[in-house]
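In: okay, structure incoming, though there's no sequence with it:
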RNA sequence: GGAGAGGUGGCAGAGUGGUCGAAUGCGUCAGUCUUGAAAACUGAAGUCCUUGAAAGGGGACCGUGGGUUCGAAUCCCACCCUCUCCGCCA
């Protein structure tokens, strides 16, 4: 959510930002509604003020005088209730519009409508040249007994899977590697709930826009598609001290996504599944654009370091305006090379939000001068499995169908090749 | 799942219809005292909306949302959360 004062004073910037994101929102309508809201609020406040004055007098009066004042107050009350009703209606529309206003993308975000317009900013690693025709991760893993998709679908439904044998081992190895990677960093590891109530989804911007991609329980909570939701909700409605910032979390949770808009995409294998696991980096920082940029680069670097340690060829793209979420100011995707698709596929997504999320969540802090500010928030994937298995398996495959274990994982796998 | 108790400022905790944005204690900040500190004493201090150049003015906020009333922290309803006991359970 943006600050209404900012929207009022810089409606041209807000409009341009929405246009860049290819999001339609009626800013002029919002401004008109805001005028209405303020004048009604004033009216209601004035009436209340009058009524408060009368209310103060009533207990001091006796008999007839008292009755007269009470009657007067009753009349006032009727008018007040009328205005309050109007105000409530206006506020409802106002809020509905407010949550649709997107955050303003950074100047450095390229123009564009969809992910194909994203701009590559760097590549790392050599795309491997195979002396044979590489096989897909599905074929390789099935042959090696690392995954069971048929039984996965039988038990779990569409996109269901069992990781088993060395598939499960490889996943555990990655998790241990991830944990150790963060051991000496200034991040607090945290295992977050996946079963989360609506407020945190509103706060992070997943609701109301993306409700169809969330699993909802019969108790009206939702299953989170990323631990960002719970990690951000953790400090909702808190007043932090500037000395506590930045708060850096290394959050882990199971993640659930309905993939409602992705029917027919990636229907085979482990790229797109309904249920997966993710280590996420989440940062609450001081309200400064420079700090946000600094942490954004840091979070991106952490993920890249991990990819480099695994020796997976990847590139980094800066997402275009149309590929940014409602609250995102800027986003980098890291995409790993997947040989059988002859393409880079997204494994990480690093974004910063300025105070878009924290304003909704009420995450504030008192700075050195005692001023109250909304913190800034950022997040980036560190490692999502089983998706990350896909580039590992495919890039490390050998002609005989065996998989070389990435060097950094050998200690956790206890072997250097999967056969 | 059943029975009960409760949610008040940074914390503890009073307040059961009007003079309560809210006693008191602790903590915080400033000052006095002190070589410095502690103690003691004096004083200050909530958040949000709105209006105003500012000083200031007005309004809201006692878990959340409704309701009763001229008037609600206080009464009623729903929901959320916490605690205790019983049952079930990894």
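Out: Yep, it's here. What you see is a predicted model, and the numbers here were worked out from it, not measured in a lab.

In: rounded mean pLDDT for stretch A:271-284, please.
Out: Mean pLDDT, stretch A:271-284: 96.

In: my error: substitute stretch A:195-208 in the last question.
Out: 90.

In: element containing residue A:264, please.
Out: Using DSSP states H and E, residue A:264 sits in no helix or strand.

In: pLDDT at it, what is it?
Out: 80.

In: for it, what are its contacts?
Out: Contacts for residue A:264 (C-beta atoms under 8 Å, 6 or more residues apart in numbering) come out as none. Any C-beta I mention is one placed from the backbone N, CA and C, and that applies to glycine too.

In: with residue A:272 instead?
Out: With contact set as C-beta under 8 Å, 6+ apart, residue A:272 has these partners: A:159, A:259, A:262, A:265-266, A:387.

In: and the residue lying closest to residue A:80 once chain neighbours are set aside, how close does it get to RNA strand B?
Out: Counting by C-beta to C-beta, 6 or more residues apart in numbering, residue A:80 lies nearest to residue A:47, which is 4.5 Å off, once chain neighbours are set aside. Distance, residue A:47 to RNA strand B, using C-beta to the nearest atom of the strand, to the nearest Å: 8 Å.

In: surely residue A:47 and residue A:83 touch.
Out: Yes: counting by C-beta atoms under 8 Å, residue A:47 does reach residue A:83; the two are 6.4 Å apart.

In: overlap in contacts of these two?
Out: In contact with both residue A:47 and residue A:83: no residue, using C-beta under 8 Å, 6+ apart.

In: re the thing from before, with respect to RNA strand B, which of the contacts of residue A:272 is nearest?
Out: Set against RNA strand B, the nearest of these by C-beta to the nearest atom of the strand is residue A:159 (25.4 Å).

In: in this structure that closest one contacts residue A:276, no?
Out: No: Residue A:159 is beyond contact range of residue A:276, at 10.0 Å (criterion: C-beta under 8 Å).

In: out of those two, which sits in the busier spot?
Out: residue A:159 (23 against 19; other C-beta atoms under 10 Å).

In: give the contact list for that one.
Out: A:153, A:259, A:267, A:272-274.

In: from those, which would you call buried?
Out: A:259, A:272-274 (16 or more other C-beta atoms under 10 Å).

In: next, residue A:250: secondary structure please.
Out: Put simply, residue A:250 is strand when judged by DSSP: H, G, I helix; E, B strand; the rest coil.

In: my guess is it contacts residue A:281, does it?
Out: Yes: the criterion here is C-beta under 8 Å, and residue A:250 meets it with residue A:281 at 6.2 Å.

In: overlap in contacts, those two.
Out: Common neighbours of residue A:250 and residue A:281 (C-beta under 8 Å, 6+ apart) are A:187, A:382.

In: neighbour count for the two, which is higher?
Out: residue A:281 (28 against 23).

In: for the more buried one, grab phi and psi.
Out: phi -100, psi 130 (degrees, to the nearest 10).

In: what of residue A:172?
Out: The phi/psi pair for residue A:172 (degrees, to the nearest 10) is phi -60, psi -40.

In: assess the claim that it and residue A:389 are in contact.
Out: No: the pair residue A:172 and residue A:389 does not pass the contact test of C-beta under 8 Å, sitting 11.5 Å apart.

In: more crowded one of those two?
Out: residue A:389 (23 against 15).

In: enumerate every residue touching the more buried one.
Out: Going by C-beta under 8 Å, 6+ apart, residue A:389 touches A:137, A:141, A:163, A:167, A:170-171, A:174, A:270.

In: and it, how far from residue A:357?
Out: 30 Å (C-beta to C-beta, to the nearest Å).

In: also residue A:283?
Out: With distances taken as C-beta to C-beta, residue A:283 is found 11 Å from residue A:357.

In: so what sits against both of the two?
Out: residue A:377.

In: neighbour-wise, which of those two wins?
Out: residue A:357 (30 against 24).

In: wait, which of the contacts of residue A:389 is closest to residue A:128?
Out: Distances from residue A:128 to those, taken as C-beta to C-beta, are shortest for residue A:137 (14.0 Å).

In: now do the contacts for the closest one.
Out: A:269-270, A:340, A:389-390, A:393-394.

In: cutoff 7 Å now
Out: A:269-270, A:389-390, A:393-394 (C-beta atoms under 7 Å, 6 or more residues apart in numbering).

In: need the residues of chain A near RNA strand B, please.
Out: For chain A, the residues found near RNA strand B under the criterion C-beta under 7 Å from any atom of the strand are A:4-5, A:38, A:41-42, A:44-46, A:48-49, A:51-56, A:58-59, A:70, A:73-74, A:76-77, A:88, A:197, A:219, A:239, A:364, A:372.

In: next up, the contacts around the closest residue to RNA strand B within the stretch 51-200 of chain A.
Out: As assessed by C-beta to the nearest atom of the strand, RNA strand B sits closest to residue A:73 within the stretch 51-200 of chain A, at 3.0 Å. Contact analysis of residue A:73 by C-beta under 7 Å, 6+ apart lists A:51, A:54-55.
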